[in-house]
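Peer 1: Fold the stuff below for me.
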Amino acid sequence: MTTDPSRTELKIHDDPRLISAVGAIVSHSAHRAGLPREAQQDFAEAAMDACRKTFPLLGNDNSANRALRMVIEDLPDRVQVTIEHSGESKPTAGLDSFVGGPKDRVAGKMSASLQDTRVDRVQYETHEGRSRMTLIKYRDERKAKV
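Peer 2: The predicted structure follows:
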């Protein structure tokens, strides 16, 4: 584990090979942050799942807007993956799933990776036509306090 933060920025198109590469980068960042092997794998799978579920929100044109901008950071207390895109302003995970409601209804709206706590926190925002979702996984000793 290193205490020097690192940051990787990517622009990816809807190609399964690229999504797999995202998983490898996220897993490596989680390793650098000192997460256990299983947490590294789970967080990488959650990030890949979020990418797959975000591509349909981009629309059907073939422009450069059909790409995701991603930032993967490993910090001393956490790893975070930010997925930014233009297109439909709707959270991939389903924002309503984070603000209460019956558990059965919530479970149906979240992807499996996010639902089974592979991530510790999800932040979502839109600004000037851009949507940004950030997945966060804390190191064990610094779990998020809710």
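
Peer 1: Going by C-alpha atoms from here, please, whenever you check contacts or count neighbours.
Peer 2: OK.

Peer 1: any idea where the helices of the chain begin and end?
Peer 2: Here the chain has its helices, by DSSP state H, at 16-32, 37-54, 103-109, 112-115.

Peer 1: Low-confidence stretches in the protein?
Peer 2: 1-3, 61-65, 88-117, 141-146 (pLDDT under 70).

Peer 1: and with 50 instead?
Peer 2: Applying pLDDT under 50 to the chain flags the ranges 94-110, 113, 144-146.

Peer 1: Hmm, residue 31 and residue 40 touching each other?
Peer 2: Yes. The pair residue 40 and residue 31 passes the contact test of C-alpha atoms under 8 Å, sitting 6.3 Å apart.

Peer 1: can I assume residue 129 is in contact with residue 58?
Peer 2: No. Counting by C-alpha under 8 Å, residue 129 stays clear of residue 58, with 11.6 Å between them.

Peer 1: Neighbour count: the two, which is higher?
Peer 2: Higher neighbour count among residue 129 and residue 58: residue 58, with 17 against 10, using other C-alpha atoms under 10 Å.

Peer 1: quick one, which of residue 40 and residue 31 is more surrounded?
Peer 2: Remark: of residue 40 and residue 31, residue 40 carries more neighbours, 24 against 19, as counted by other C-alpha under 10 Å.

Peer 1: In contact with that one, which residues are there?
Peer 2: 26-28, 30-31 (C-alpha atoms under 8 Å, 6 or more residues apart in numbering).
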